[in-house]
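[1] Okay, sequence plus prediction incoming.
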There are 2 protein chains.
Amino acid sequence: MSPAVALDVSGTETEQNNRRFFLTPIPTMLLRYLASTGKLLRHKPIPSLARQLSSTHREIPALTKERYPVQRGQFAEVTNGDIAKFESILGGSRVLTQSEDIQGFNIDYLGSVRGYSRVVLKPKSTGEVAEIMKYCNERRLAVCPQGGNTGLVGGSVPVFDEVVLSLQLMDKIEQIDEYSGILVCQAGCVLGTLEEKANEKGLVMPLDLGAKGSCHIGGNVSTNAGGLRLVRYGNLHGSVLGVEAVTAEGRIMDLMSNFKKDNTGYHLKHLFIGSEGTLGIITRLSIFCPTASKSVNVAFLGLESFDAVRSTFLAAKRGLGEILSSCEMIDALSLEASTTHFNLQSPIEKYPFYMLIETSGSNMNHDEEKLTNFLESSMEQGIVLDGTVTNEPTKMRNIWKLRELIADSLINDGYCFKYDISLPLDNFYDIVLAVRDRVGPLATKVTGYGHVGDSNLHLNVSCEKFTPEIYKLLEPFVYEYTSKLRGSVSAEHGIGFLKTKYLKYSKQPESLALMQQMKQMMDPNGILNPYKVLPQA
Amino acid sequence: MSPAVALDVSGTETEQNNRRFFLTPIPTMLLRYLASTGKLLRHKPIPSLARQLSSTHREIPALTKERYPVQRGQFAEVTNGDIAKFESILGGSRVLTQSEDIQGFNIDYLGSVRGYSRVVLKPKSTGEVAEIMKYCNERRLAVCPQGGNTGLVGGSVPVFDEVVLSLQLMDKIEQIDEYSGILVCQAGCVLGTLEEKANEKGLVMPLDLGAKGSCHIGGNVSTNAGGLRLVRYGNLHGSVLGVEAVTAEGRIMDLMSNFKKDNTGYHLKHLFIGSEGTLGIITRLSIFCPTASKSVNVAFLGLESFDAVRSTFLAAKRGLGEILSSCEMIDALSLEASTTHFNLQSPIEKYPFYMLIETSGSNMNHDEEKLTNFLESSMEQGIVLDGTVTNEPTKMRNIWKLRELIADSLINDGYCFKYDISLPLDNFYDIVLAVRDRVGPLATKVTGYGHVGDSNLHLNVSCEKFTPEIYKLLEPFVYEYTSKLRGSVSAEHGIGFLKTKYLKYSKQPESLALMQQMKQMMDPNGILNPYKVLPQA
């Protein structure tokens, strides 16, 4: 029996045999226009923290040194003489010392940590960064480099009184080559701006994040940001072709390259990708931008079990092949959270599991045909029970909202423990059941959702309020469980300040020892982003 | 006017308006069969050197120490006591000391270098490698790790009497997961074998090389091998998910990960990717394998100028998008070389430039339609003058031969200077003209061909015989020219032993200094693959 796939050019849904689909072709010219103007971009930008804080007077969190057991290192304190020196390098207007000007730089996006730096520096060039670092290294002044300050692990703000070195003014785009796809820019460029400029040349950035309205490309690279396009375009170690970085001692490491192939000596740029600003400050970079897709489709599917999710992922990889650009999994409680709290409508009935599958390709008809074939076959086999498909921008955005608002909606239960882990697909969902079993009625919801296409699970445990009782049931249990499966205890967000004590669950002692050696070699005085990434002795 | 594209299901060419194409559909089931059996693989394997040498009695090259100005380091010499120790670790059968057994391990594939090691060790496990290294480090015995010994820069054989540590017996495939696409194996697995096993699971290896019949995956990763799929699947820094490596001191660095996302601490695995066995010996690794393509097409095109090549590349990126899997450029003299020397037939008339474009996708009809549209439009605009298209395996292989045999055919002129460089597409071909001008009648042919899709040019200068006169005209000219454009003087092949003096043309003194520091930290006694990558002091 052939499954029922109803095409409805008006964009409304039609029902047939309990299986619903709509394919809403929109004119190719319009799609192209939308893509070229960036209007197809689906992820809402996070407004910059500084603006947010000044406009909404958000509550000021406690100082990090008071909230967490951390000891200040043997660094010098900033003196008026230091300020004068900084002013001689940058001029007065790019050295901020007024507390109202620097408050936003001391607090992280989540409001979970707060430092008390008294000075924010805003260099415009790599040379200025080098001069600042050389001076700070001689003076033993600790430095915290900062990009868009959208990190989630407290890595981008000072822990104590470190000098904040903001890359905000290093926002020059030097080159976007439509032939080779190479983009060269300073590290302080906002990801969303780069996306816009790349779009104008028929290219896309190889990464996409919810925070793109304010996060900096330099911060993205320093934290090896993952995001929503990884399943298609791979990680930043592959996309970033070269970096220029300044070390703690003020050495300028020119590791720029505008080429995909360069096998001349050690591949040093990778030292700076994902080391969260502790080995050097990325000041410029070149990155490979893939060709923009003319056609985008989103499918939202209902499934009976996680086994069906896994089988559907495999079928999608094979059937959609090169056009598969996102493959997300959502369990029933996760969807219930986002639909209830944000009053959203799921386009399909209730199922134990849902999948959001996105395709991006160069030919709309081809992509729709592939998607239809894949869905027909998945439904014929009974692994997908229900689904809806659209290429209409508003509808795609609404479907993405169901997925993207889960994280925020769970916080509304009162308190939410959040884990960002990589796990083998064979055991991907088991941890959700194990935790549900373990915490029992102490939790309001134990849910799992995430990038099943990249083996990355977001495990969330919401409850009325934080209690030591539930905390002790969760940790170190979740980390030990992940560690036993050789998973990663921080798939995307990094280690920053907040996760240093969990590093041991994903890294062996020999690796940790080598990391310490590396830090010692690159930053003998330990002045660069101290208290971050590496556990304190 | 619509261009003439003739479809001929018999597979023979048809002519119409001087523009020729054939599209030869072959049954999808057959294609699948071919892919699953590996018969679609187009690149002829290089038989292993050891076998080649013993079977053909190839001429033995002069010793490296006699041919090149290089000083032996202050290392110990292997004694009978050392041999006994090695035997106690490995057993007698895996410690080779007979000269006929070890000759092949002392000579590189090109026959350009030769060491005189007296012992070859064949560990089977990471533990054995670690034990050997610990002992050699204590004894100050230099060690040369060796994979398939197919490198082109003398990096895989001893320069003097280094102990050869062969990974040949570490060839266990531990896991291939069809869901996640993750393959885990020991470093001594032959690339072609992995390709075959991945194919059986509906996957492909993310890299493909002419040497795949004997090169090891560990060697590929150690040299960051590029190859023919890079334009589609990116480089090994992106594909390799984890490595296990043994340092010079015998420390086992367990940096394995089976996940695409893992942001826990410094990304140390990249130290071992592309450092050519000088910082550690890769013993195991995990790598991401993309889904296999069901449909492959090859187009061979004639063009008037390099500008047209560049425009066609851009049109291919946009029109073929996600299915573009190779984009090669060949100039008239390069094609003349391969057709003349190997008696091959070009499928089209003579043109100043040719392009070989390959597509790989999940739907044959779609791919052919995209290719036809792209070619029609390119011909309508006059940037492509002539072309032929096929998906018939024998014909695809014959077209690939035209490109792949260029390198060998140019050697037949007598002597051939070969440069493997990355250059900006704006100036990609200019260096060929500049060199042609410079060497004049001293050269038989000055040709350029290569991976235009990756900005990687193979510049070849053939002549009757090597003369210092032409050599001095070429070097350092070619390196300086490349350096001025910030290109790479070794795009794919690495530095090894033969190119250390050219490293400075692509790397700044600060980077070189950091490389030296890194080497000092990882290998304080300098015993691991000495005389390679870094210039001697």
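    Cool, the structure landed.

[2] And the host helix or strand of A:Leu410, what's buried?
    Assigned by DSSP states H and E, A:Leu410 belongs to helix A:406-411. For helix A:406-411, the buried set under the neighbour-count rule, 16 or more other CB atoms under 10 Å in any protein chain shown, comprises A:406-407, A:409-410. C-beta: built from backbone N, CA, C; applies to glycine.

[3] packing partners for that helix?
    Applying 3 or more CB pairs under 8 Å, 6 or more residues apart in numbering or on different chains; DSSP states H and E, we find helix A:406-411 packed against helix A:332-341, strand A:445-451, strand A:456-463.

[4] I'd like to know which of those lies nearest to chain B.
    Closest approach to chain B among these (CB to the nearest CB): strand A:456-463, 4.9 Å.

[5] distance between the helix or strand following the helix holding A:Leu410 and the chain's centre?
    Downstream of helix A:406-411, the next assigned helix or strand under DSSP H and E is strand A:415-422. Averaged C-alpha coordinates place strand A:415-422 at 14 Å from its chain's average position (CA atoms, centre = their mean, to the nearest Å).

[6] Contacts for strand A:415-422, please.
    A:407, A:410, A:431, A:454-466, A:470-471, A:474, A:478, A:482, A:487-493, B:257, B:259-262 (CB atoms under 8 Å, 6 or more residues apart in numbering or on different chains).

[7] List just the nearest of the buried residues of helix A:406-411 to chain B.
    Chain B lies nearest to A:Ala407 out of these, by CB to the nearest CB, at 16.5 Å.

[8] who's in contact with the residue of the stretch 351-500 of chain A found nearest chain B?
    In the stretch 351-500 of chain A, the residue that lies nearest chain B is A:Ser362 (3.1 Å; CB to the nearest CB). Applying CB under 8 Å, 6+ apart to A:Ser362 gives the contacts A:291, A:293-295, B:318-323, B:370.

[9] Repeat that for A:Arg118.
    Neighbour list for A:Arg118: A:78, A:97, A:102, A:161 [criterion: CB under 8 Å, 6+ apart].

[10] Residue numbers of the stretch 401-537 of chain A in contact with chain B?
    A:422, A:424-426, A:451, A:454-456, A:486-495, A:502-503, A:506-508, A:510-512, A:514-515, A:517-518, A:521, A:533-534 (CB under 8 Å from any CB of the partner chain).

[11] Can you pick out the ones from these that are in helices?
    Those of those mapping onto helices are A:510-512, A:514-515, A:517-518, A:521, per DSSP state H.

[12] Only whichever of the residues you listed are buried, select them in ChimeraX.
    The ChimeraX selection below is limited to those of these classed as buried (16+ other CB under 10 Å):
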select /A:511,512,514,515,518,521
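
[13] Give me the neighbour count for the residue in the stretch 1-150 of chain A that chain B sits nearest to.
    Chain B sits closest to A:Ala130 of the stretch 1-150 of chain A, with a gap of 10.6 Å, by CB to the nearest CB. For A:Ala130, the tally of surrounding residues (other CB atoms under 10 Å in any protein chain shown) stands at 19.

[14] what comes up buried for the helix or strand encompassing it?
    Using DSSP H and E, A:Ala130 falls within helix A:126-139. Neighbour-count burial for helix A:126-139, with 16+ other CB under 10 Å as criterion, is recorded at A:126, A:128-137, A:139.

[15] Can you classify A:Val298 as helix, strand or coil?
    Three-state call for A:Val298 (DSSP: H, G, I helix; E, B strand; the rest coil): strand.

[16] who's in contact with it?
    Residues counted as contacts of A:Val298 (CB under 8 Å, 6+ apart) are A:356-358, A:389-391, A:395-396, A:399-400.

[17] Excluding covalently adjacent residues, which one is nearest to the closest residue to chain B within the stretch 51-200 of chain A?
    In the stretch 51-200 of chain A, the residue that lies nearest chain B is A:Tyr179 (4.8 Å; CB to the nearest CB). Leaving aside its sequence neighbours, A:Tyr179 sits nearest to B:Leu425 (CB to CB, 6 or more residues apart in numbering or on different chains; 4.8 Å).

[18] shaky segments in the stretch 201-350 of chain A?
    Counting by pLDDT under 70, the stretch 201-350 of chain A contains no low-confidence residues.

[19] ok, back up a step: would you agree the residue of the stretch 51-200 of chain A closest to chain B is in contact with B:Arg310?
    Yes. With contact defined as CB atoms under 8 Å, A:Tyr179 counts as touching B:Arg310 (6.0 Å).

[20] Can you pick out the residue with more neighbours from these two?
    Using other CB under 10 Å as the criterion, A:Tyr179 and B:Arg310 rank with B:Arg310 on top: 20 against 17.

[21] Name the residues of the stretch 51-200 of chain A found near chain B, please.
    A:177-181.

[22] Kindly recompute the last result at 7 Å.
    Contact residues, the stretch 51-200 of chain A versus chain B (CB under 7 Å from any CB of the partner chain): A:178-180.
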